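Q: give me coordinates for this.
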Amino acid sequence: MTENSPLLSGPAPIYPPLGPFNDIKSPTSPPSSSSTDYGFPPADEYPKVEFNSGWSGWKDRGFAIAFWIHFVIVVILGFALGIRAIRIGMDRPYDDPTRTTFDYNADLFIRVFIGAAAFSGLVAFFAFFILQKCAGRIIKCSLYMGVVMQILLCITLFIVAWPMGIITLIFVVISIWYIYYVRNRIAFAEAHIQVGCAALRSHPAILGVAIAMLIVQLIWVFLWGLMALGFEHFLNGSENSKSHGVAGGLFAILLLTSLFWGALIFRNITHFVTACVVGQWWFTVDAQRQYAVQTSVQRAFTTNFGTISFGSLVLAFIKALRVVAQINESNARQNRNIILLLISCIAVCVLRIFEGLVRYLNEWAFIYAALTGQSFRTASRSFLDLFQQRGWTMIINDDLAGHALTIVTIAIGFIAAAVGGISVYVAMPHSTSRAAIAGMAAFFCFKIGISMGTIMASILSSGVRTAFVCFAMNPAALGATHPEHLQNLLDAWYKFHPQEFAASGFATYLPKPAGSTSDIYPNV
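A: Numbers count the residues shown, from 1 in each chain. Below is the predicted model:
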């Protein structure tokens, strides 16, 4: 299909100048006069990525250097301190009655953590295919399950403390209204999920990248665990093992930032490569070489590794602060310290908001960096400008697809927690603290399961969001490569967001299809 086909017919609209398209170049032919006048690229244009693997071509390279130095330090400390701690811990049996909650057998916990990570990774792998087949049903299920859980909580609170039950009832009513309000947009979200799935199915190599990142993340958790275990054993054996306060809090923040930084980088590499895969599927043949899986992986570990490290470090630090604040909140609640509890609750709330904002910015910025090769700060500004100029900011915020991915990820976390907690509890029949130890193991296994599940779920999320970005960049390119998918996306936009679509100027350039014979989106 070309620009002269019926689907792309109609006079060109007057578009506002689009800054992000300044870097878009056509390798085959110069843009038409209408495209030049209105800043809208023709079907054969795509973001030109200059892949320079030399050191001068690396974006945000200072953060790349910092991570690899940090990685080497973790490996050295892990083997220097962690191996010795494991050998000492193996001298005592699993169910030694004298063991306390934090005096655990390192060998048992490492086996449980590795087993939970492997099992949750396997479950996440199968969940990926389930999401492709049942996206709409899972979205509905996630919305309904949220209401059901709120109703159960409301009933419980009415029995225990009826004033809290009234407050919960208000949230139940709001949730029911939200489901009624967005019920028709479920099919819109499902349509874009199907576009992402179509792109991913055409490039099965992305599954290999995701699995490789799962393995790398497992290795990272193991190495970091060795280091943390070595520090724990070293501090317990020192005279300052009971020391707390500012130094202990800063040390905890440092350790947690290290863990989250590595985990987020390897997850975001999958996110980055997935965005490139969708770009290869979306744009014309001339663009496919720069978005090939092998080239994309090279970019993720070289020229744009600093970009990924930069965004991941910011989010990792905020996550570490939030976890420490939650620990302080729990301690304040146990000690009945009202002032510290109030400060901790406010800190947790504020940090959750910042964490959500930074995560939102990172996900879209990495997509734009993958498609254009820009640095983190430039890509962050570019994607915001693009969607503001199109008038689609509220649409990308209404992420119903995220509900389906969230419920699957949480389910994987609970499965890993159940496997890890039960395993530790069964392995320690004679320990008086086995319930507390098993609970702690279940908590860490839940975190591991969430991390593993997030990698697989992020593939689909990346595909959906990249489809949004590509559609905002150049929808005509999809008409040249996969016209049936463009036709069905237009059906979805005209049905569910006609005003926003018209305001963007696309309604004149891409008129509503007379009829769709494709059945790939039966619910639209």
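
Q: low-confidence ranges in the stretch 1-150 of the chain?
A: Scanning the stretch 1-150 of the chain for pLDDT under 70 picks out 1-41, 50-56, 85-113, 128-129, 131-136.

Q: show the backbone phi and psi for Y46.
A: phi -160, psi 160 (degrees, to the nearest 10).

Q: residues near I353, how many?
A: Neighbourhood size, I353 [other CB atoms under 10 Å]: 11. For the C-beta atoms, the positions are set from N, CA and C on the backbone; glycine is no exception.

Q: any idea of the pLDDT on it?
A: For I353, the model assigns a pLDDT of 91.

Q: separation between it and I450?
A: 20 Å (CB to CB, to the nearest Å).

Q: how close does W224 get to N268?
A: From W224 to N268 the distance is 17 Å (CB to CB).

Q: go on, G306?
A: From G306 across to N268, the span is 12 Å (CB to CB).

Q: of these two, which one has the most company?
A: More crowded of G306 and N268, by other CB under 10 Å: N268, with 24 against 21.

Q: that's a helix at that one, yeah?
A: Yes. Secondary structure of N268 (DSSP: H, G, I helix; E, B strand; the rest coil): part of a helix.

Q: quick one, what contacts it?
A: Neighbouring residues of N268 by CB atoms under 8 Å, 6 or more residues apart in numbering: 308, 311-312, 362, 366.

Q: before we move on, which element is the nearest residue to W364 once chain neighbours are set aside in?
A: Take W364 and drop its neighbours on the chain: the residue closest to it by CB to CB, 6 or more residues apart in numbering is F383, 4.8 Å away. Assessed by DSSP states H and E, F383 sits inside helix 376-390.

Q: still on that earlier bit, the residue nearest to W364 and V469 touch, don't they?
A: Yes. If you go by CB atoms under 8 Å, F383 and V469 touch, sitting 6.7 Å apart.

Q: so what sits against both of the two?
A: With CB under 8 Å, 6+ apart as the test, F383 and V469 both reach 364, 367-368.

Q: in helices, which of those residues appear?
A: 364, 367-368 (DSSP state H).

Q: so among the residues you listed, which ones count as buried?
A: 364, 367-368 (16 or more other CB atoms under 10 Å).

Q: I'd like those residues laid out as CSV, including pLDDT and distance to R465.
A: Output for those, formatted as CSV (pLDDT from 0 to 100; distance: CB to CB, whole Å):
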residue, pLDDT, distance to R465
W364, 90, 7
I367, 92, 6
Y368, 91, 10
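
Q: between the residues you listed, which is nearest F501?
A: Within these, the smallest distance to F501 is 19.9 Å, found for W364 (CB to CB).

Q: need the three-state assignment for the most centrally placed residue in the chain.
A: In the chain, the centroid-proximal residue (CA atoms, centre = their mean) is S458; its distance is 4.8 Å. Here S458 is helix, with the state taken from three-state DSSP.

Q: of F383 and V469, which one has the most company?
A: Neighbour count, other CB under 10 Å: between F383 and V469, F383 has more, with 28 against 24.

Q: okay, the more buried one: pLDDT?
A: 85.

Q: please apply the same query to A320.
A: pLDDT at A320 comes out at 92.

Q: just checking, it touches L256?
A: Yes. A320 is in contact with L256 according to CB under 8 Å; the separation is 3.7 Å.

Q: for the residue nearest to W364, list the residues it contacts.
A: 20, 364-365, 367-368, 469.

Q: show me which of these is closest to I65.
A: Among the contacts of F383, and counting by CB to CB, the member closest to I65 is A365, at 20.4 Å.

Q: OK, contacts around that closest one?
A: 311, 376, 379-380, 383.

Q: buried ones among those residues?
A: Among the contacts of A365, those buried by neighbour count (16+ other CB under 10 Å) are 311, 376, 379-380, 383.

Q: state the pair within those residues that is farthest apart.
A: With CB to CB as the measure, no two of the buried ones among the contacts of A365 lie farther apart than G311 and F383, at 12.3 Å.

Q: export stretch 416-430 as CSV, just CAs?
A: Provided in CSV are the C-alpha atoms of stretch 416-430 (Å, rounded to 0.1, in the frame of the first residue of the first chain):
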residue,chain,number,x,y,z
ALA,A,416,7.2,-17.4,43.8
ALA,A,417,6.5,-16.4,47.4
ALA,A,418,4.4,-19.5,48.1
VAL,A,419,7.1,-21.8,46.7
GLY,A,420,9.9,-20.1,48.6
GLY,A,421,8.1,-19.8,51.9
ILE,A,422,6.7,-23.3,52.0
SER,A,423,10.1,-24.7,51.0
VAL,A,424,11.9,-23.0,53.9
TYR,A,425,9.2,-23.9,56.3
VAL,A,426,9.3,-27.6,55.4
ALA,A,427,13.1,-27.6,55.5
MET,A,428,13.2,-26.4,59.1
PRO,A,429,10.9,-28.6,61.2
HIS,A,430,12.8,-28.2,64.5
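
Q: in that stretch, what's buried?
A: So, applying 16+ other CB under 10 Å, buried residues of stretch 416-430: 416-417, 419-421, 423-425, 427-428.

Q: run the angle between the helix or strand harbouring I339 and helix 376-390 for me.
A: Using DSSP H and E, I339 falls within helix 338-372. With axes from the mean of the first three to the mean of the last three CA atoms, to 10 degrees as the basis, helix 338-372 and helix 376-390 are set at 80 degrees to each other.

Q: show me how far helix 338-372 is from its chain's centre.
A: Between the mean C-alpha location of helix 338-372 and the chain-wide mean there is a distance of 13 Å, by CA atoms, centre = their mean, to the nearest Å.

Q: in that helix, what's buried?
A: Buried, per 16+ other CB under 10 Å, within helix 338-372: 341, 344-345, 347-348, 351, 354-355, 358, 361-372.

Q: one more: stretch 496-513?
A: Here stretch 496-513 shows 496-497, 500-501, 504-507, 509-510, 513 as buried, counting by 16+ other CB under 10 Å.

Q: right, and the pair among those residues with maximum separation?
A: The most widely separated members of the buried residues of stretch 496-513, counting by CB to CB, are F496 and Y509 (19.1 Å).

Q: show me the shaky parts of the stretch 151-300 of the chain.
A: Checking the stretch 151-300 of the chain against pLDDT under 70 turns up 184, 235-248, 287.

Q: pull the number of nearby residues for the closest residue in space to R289 that isn't next to it in sequence.
A: Nearest in space to R289, with sequence neighbours left out and distances taken as CB to CB, 6+ apart, is T295 at 7.1 Å. For T295, the neighbour count with other CB under 10 Å is 18.

Q: could you do F283 as well?
A: For F283, using other CB under 10 Å, the count is 25.

Q: that one and G479 touch, don't they?
A: No. Counting by CB under 8 Å, F283 does not reach G479; the two are 11.4 Å apart.

Q: now do the helix holding F383: distance to the chain's middle.
A: Taking CA atoms, centre = their mean, one finds helix 376-390 lying 19 Å from the centre of the chain it belongs to.
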